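Student: sequence? don't have it. structure:
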């Protein structure tokens, strides 16, 4: 199984027709954002990519910041679902390790969404409203990781956060950095995976303390 710390661009399926149309729009504009950049992609470019008029496009997304927020909100839902599988796995530690290794391997292979996240993070450095949304996403992913750590160690959630919150933050930073490389060597992939193993081994050691 695979844990999507930097989610892949899969088309979500929503029951509500309006939500489904929003999901289709977000899916279609990812490439335009990645290719032209956050500032370079005009609302007309984005509307054209979605096969809509600019006026109709504004009905769904009044600003680029709103689009980024919607992309992150939907991707977080995917992340939550993946971590739910980890929490309910017979061996959560093994599932989390395998998921993180697979994710790093995928990103080192050149994930198509890497350029999009590079653009979003570049925009976050210039625009406080985007930075707030990105930081919120990273906090949520760290929270999902510490939930997994609590499940692995048997510690209460608050204690797992206190002891291993930094471990979760570093894991997110590593996957995010690899994703924005747009591909990396096998040596770098192996090194990042070994660092992930060190992080997870330190978490697992707390289980033996009990």
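Tutor: All right, it came through fine. Treat the numbers as computed from the prediction; the structure is a model and nothing was measured.

Student: Please identify the buried residues of the helix or strand that contains residue 199?
Tutor: Taking DSSP states H and E as the criterion, the element that holds residue 199 is helix 186-209. By neighbour count on 16 or more other CB atoms under 10 Å, the buried set for helix 186-209 is 189, 192-193, 196, 199-200, 203-204, 206. Bear in mind the C-beta positions are built from the backbone N, C-alpha and C, glycine included.

Student: Please give the centre-to-centre distance between it and its chain.
Tutor: On the basis of CA atoms, centre = their mean, to the nearest Å, helix 186-209 sits 20 Å off its chain's mean C-alpha point.

Student: Which strands and helices lie in contact with that helix?
Tutor: helix 92-108, helix 128-153, helix 157-181 (3 or more CB pairs under 8 Å, 6 or more residues apart in numbering; DSSP states H and E).

Student: low-confidence ranges in the chain?
Tutor: Scanning the chain for pLDDT under 70 picks out 1-15, 111-112, 208-210.

Student: Let me see the domain layout of this structure.
Tutor: The chain is divided into the following domains under automatic domain parsing: 10-62, 65-209.

Student: okay, these, which one's buried deepest?
Tutor: Stretch with highest mean neighbour count among the domains of the chain: domain 65-209 (a mean of 18; mean count of other CB atoms under 10 Å).

Student: Check the offset of that domain from the chain's centre.
Tutor: Distance, centroid of domain 65-209 to centroid of chain: 7 Å (CA atoms, centre = their mean).

Student: cool, and stretch 38-47?
Tutor: So, by CA atoms, centre = their mean, the centroid of stretch 38-47 is 23 Å from its chain's centroid.

Student: contact partners of that stretch?
Tutor: Contact with stretch 38-47 is made by 29, 32-33, 35-36, 53-54, 56-58, 64, 67-68, 119-120, 122-123, 130, as judged by CB atoms under 8 Å, 6 or more residues apart in numbering.
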